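Q: Sequence first, then the predicted structure, then my questions.
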Amino acid sequence: MNENRQELNRQLAQMLKGGVIMDVTTPEQARIAEQAGACAVMALERIPADIRAAGGVARMSDPAMIRGIQQAVSIPVMAKCRIGHTAEARILEAIEIDYIDESEVLSPADSVFHIDKHQFRVPFVCGARNLGEALRRIAEGATMIRTKGEPGTGDVVQAVSHMRKMQSEIRRISSLAEEELYEAAKEMQAPLELVRYVHENGHLPVVNFAAGGIATPADAALLMMMGAEGVFVGSGIFKSGNPEKRAKAIVQAVTNYQDAGMLAKLSEDLGEAMVGINEQEIQILMAERGK
Amino acid sequence: MKRIAVLALQGAFAEHEMMLRQLGVQSFQVRQLSDWMQPKDGLILPGGESTVQCRLLIQLGLLAPIRKDILEGLPVFGTCAGLILLARQENGRPRQGLSTMDTDVCRNAYGRQLGSFQTTGNIQDVGTRIPMTFIRAPYVLRTLSSQVRILTETDGRITAVQQGSQLATAFHPELTTDTRLHEYFLRLTEL
């Protein structure tokens, strides 16, 4: 669509910075998340850990369920559509969702193409494991990027490696000579003008969050230290012993990630963390979906 | 040298810091009580989610000390969420925020993200054709005392107000390249 919409959509993501976006499956959970200080909620029928356990095809959530959550809270409400599923995205736009997550957590609907996000008025966030992937999604119209991580595992290792990869590639592009950018764009399969933006500015042209496997205040702080501008927490909250307390602690940990003393206090008595599964034990690597 | 505190609990605080840097003014981030204890000439409350910022202000024990300093005359500039934090009422009901400004505000007054927009407007004492970016923005329903001066209206709705050395806008000057509102605020810190 027009430039102006893209800019406004990038700017909404700027307002979410330094915040925590939480997965919720009911209006009740949405209220708990808002009370705990979530800067937005992701409305979905099943959290990634349960999608993993259930198997089968995972699709967009029931619009009635999403509406229920929109009515329950005043913070922005996001929802997921399947990669390449333009019709699901149109439905989410029709119910005035604040952000669409074209997400590898759901089963991809198109094995080659992502949605042409420029054709929409609502904003999109997309997952990326590295800089090339991030820039391809931005070229398609994504106005916010998050790491893919490995959702539903409670293991932060993939989010860490994706964030590290992204940051080190950004540093590398920044240090290249002007005439080396063409080859870099070719290697990364990313548009030259976006590679040039990264070269000149030393960061992505959109906000970059961490996501996938974050389960504790320490996990969230770790990713903030690595340069994440905020975090998504999926299964980690409502699969834990005391969701309310954990959610609150993660929100505070993101604000004061540099203060180890405060992190220590925030990590106390949180009850049982999400059990979690190692990436070696899982059947499907969701991060491999949609490159 | 002037030093401005920027509330950095959540939201677009980096954009304000950049604006101040461009104007050659020092700033520092406020993330907890020990940060707030530093000497300062003014405070900026950035855009973001007002519910998040409000909760963090309370949890971190920042609400009361910041409120006290504003009431004692510390100049403050709130944008979007900042305008909400400063307001005394929301839809006619008392708010539990900083509540230092005699305003009654409406949150998400333009609806969801599809209602976000850009425009330009004239602002009293600040300038003409100033770019304004509204992101899931609030506006001021009404002023609650004669001490509040309306600086501008957008389509008949109050979107910038001043009460003494408190300045608030429903839009985000920090998302544009126009520095006039920040310069205006810096002049308030000199009074």
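A: Perfect, I can see it now.
Q: Please identify which helix or strand holds the residue nearest in space to the middle of chain B.
A: What sits nearest the mean C-alpha location of chain B, by Cα atoms, centre = their mean, is B:G78, with 0.6 Å. Taking DSSP states H and E as the definition, one finds B:G78 inside strand B:76-79.
Q: now swap in A:L263 and tell me
A: With DSSP H and E as the criterion, A:L263 is inside helix A:260-266.
Q: for that helix, which positions count as buried?
A: Buried residues in helix A:260-266, counted by 16 or more other Cβ atoms under 10 Å in any protein chain shown: A:262-263, A:266. C-beta: built from backbone N, CA, C; applies to glycine.
Q: contacting residues for B:E153?
A: By Cβ atoms under 8 Å, 6 or more residues apart in numbering or on different chains, the contact set of B:E153 is B:T159.
Q: if you set the cut-off to 10 Å instead, what comes out?
A: Applying Cβ atoms under 10 Å, 6 or more residues apart in numbering or on different chains to B:E153 gives the contacts B:121-123, B:139-140, B:159-160.
Q: which residues are in contact with the helix holding A:L263?
A: Applying Cβ under 10 Å, 6+ apart, the contact partners of helix A:260-266 are A:216-218, A:220-222, A:245-246, A:248-253, A:255-257, A:259, B:31-32, B:60.
Q: In contact with residue 24: list those residues for me.
A: Going with chain A. A:30-34, A:38, A:41-44, A:47, A:69, A:72-73, A:77, A:234, A:237-238, A:243.
Q: That was the other one, I meant chain B.
A: Contact analysis of B:G24 by Cβ under 10 Å, 6+ apart lists B:1-2, B:186.
Q: Now list the buried members of those.
A: B:L186.
Q: From the contacts of B:G24, which land in helices?
A: In helices, defined here by DSSP state H, the members of the contacts of B:G24 are B:L186.
Q: Report the lowest-confidence entry in the contacts of B:G24.
A: Among the contacts of B:G24, B:M1 has the lowest pLDDT, at 82.
Q: Isn't that residue up against B:Q26?
A: Yes. Using Cβ atoms under 10 Å, B:M1 is in contact with B:Q26, at 5.8 Å.
Q: Overlap of the contact sets of these two?
A: With Cβ under 10 Å, 6+ apart as the test, B:M1 and B:Q26 both reach B:D41.
Q: before we move on, the earlier item: near chain B, list only the ones from the contacts of A:V24.
A: Restricting these to those near chain B by Cβ under 10 Å from any Cβ of the partner chain leaves A:34, A:38, A:73, A:77.
Q: and the first one, how many neighbours does it have?
A: With neighbours defined by other Cβ atoms under 10 Å in any protein chain shown, the count for A:E34 comes to 23.
Q: one step back: make JSON lines out of the contacts of B:G24 and add distance to chain A.
A: Output for these, formatted as JSON lines (distance: Cβ to the nearest Cβ, whole Å):
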{"residue": "B:M1", "distance to chain A": "25"}
{"residue": "B:K2", "distance to chain A": "25"}
{"residue": "B:L186", "distance to chain A": "23"}
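Q: rewinding a little: what strands line up against the strand holding B:G78, and which way round?
A: Looking at strand B:76-79 with DSSP bridges, its partner strands are strand B:42-45 (parallel), strand B:166-169 (parallel).
Q: could I get those strands as JSON lines with mean neighbour count and distance to A:R146?
A: Converted to JSON lines, these look like this (neighbours: other Cβ atoms under 10 Å in any protein chain shown; distance: least, Cβ to Cβ, whole Å):
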{"stretch": "strand B:42-45", "mean neighbour count": "26", "distance to A:R146": "27"}
{"stretch": "strand B:166-169", "mean neighbour count": "28", "distance to A:R146": "30"}
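Q: what would these look like in TSV with distance to A:A54 and mean pLDDT?
A: Listed next are the strands paired with strand B:76-79 as TSV, based on distance: least, Cβ to Cβ, whole Å; pLDDT from 0 to 100:
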stretch	distance to A:A54	mean pLDDT
strand B:42-45	44	98
strand B:166-169	47	98
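Q: Quick one: classify the residue in chain A sticking out farthest from the centre as helix, strand or coil.
A: Computed with Cα atoms, centre = their mean, the maximum C-alpha offset from the centroid of chain A is found at A:E179, amounting to 33.1 Å. On the three-state scheme (DSSP: H, G, I helix; E, B strand; the rest coil), A:E179 is labelled helix.
Q: measure stretch A:31-44 end to end?
A: Terminal residues of stretch A:31-44 lie 14 Å apart, using Cα to Cα, to the nearest Å.
Q: ugh, wrong one, stretch A:225-235
A: Stretch A:225-235: ends 22 Å apart by Cα to Cα.
Q: Next, the buried residues of it.
A: Neighbour-count burial for stretch A:225-235, counted by 16+ other Cβ under 10 Å, picks out A:226, A:228-235.
Q: Those residues in helices, which ones?
A: If you go by DSSP H, the buried residues of stretch A:225-235 have A:S235 in helices.
Q: And the contacts of stretch B:183-191?
A: Against stretch B:183-191 from outside (Cβ under 10 Å, 6+ apart): B:2-4, B:19-20, B:23-25, B:40-44, B:73-77, B:123-127, B:151, B:162, B:164-167, B:169, B:173, B:179.
Q: Of those, grab the buried ones for PyMOL.
A: In PyMOL, this line selects whichever of the contacts of stretch B:183-191 come out buried by 16+ other Cβ under 10 Å:
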select buried, chain B and resi 4+19+20+25+40+41+42+43+44+74+75+76+77+123+126+151+162+164+165+166+167+169+173
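Q: can you give me the helices for chain A?
A: Secondary structure of chain A (DSSP H): helices at A:3-16, A:27-36, A:48-54, A:63-72, A:86-94, A:131-139, A:157-175, A:181-188, A:192-201, A:217-225, A:235-238, A:243-255, A:260-266.
Q: which of those sits most buried?
A: helix A:235-238 (a mean of 28; mean count of other Cβ atoms under 10 Å in any protein chain shown).
Q: hang on, the earlier thing: who touches the residue nearest to the centre of chain B in this structure?
A: B:7, B:43-47, B:50, B:70, B:84-87, B:97-98, B:100-101, B:161, B:166-170.
Q: try 7 Å this time
A: Going by Cβ atoms under 7 Å, 6 or more residues apart in numbering or on different chains, B:G78 touches B:45, B:85-86, B:168.
Q: That one and B:L45: what is the separation?
A: For B:G78, the distance to B:L45 (Cβ to Cβ, to the nearest Å) stands at 4 Å.
Q: any shared contact partners between those two?
A: Common neighbours of B:G78 and B:L45 (Cβ under 7 Å, 6+ apart) are B:85-86.
Q: So what's the residue count around A:I95?
A: Here the count is done by other Cβ under 10 Å, and A:I95 has 15 residues near it.
Q: residues of the host helix or strand of B:R21 that come out buried?
A: Assigned by DSSP H and E, B:R21 belongs to helix B:13-22. Neighbour-count burial for helix B:13-22, with 16+ other Cβ under 10 Å as criterion, is recorded at B:13-17, B:19-20.
Q: Chain B contacts on the stretch 1-150 of chain A?
A: Where the stretch 1-150 of chain A comes near chain B, counting by Cβ under 7 Å from any Cβ of the partner chain, the residues are A:4, A:8, A:11-12, A:14-15, A:17-19, A:34, A:37, A:39, A:74-76, A:96, A:98, A:121-123.
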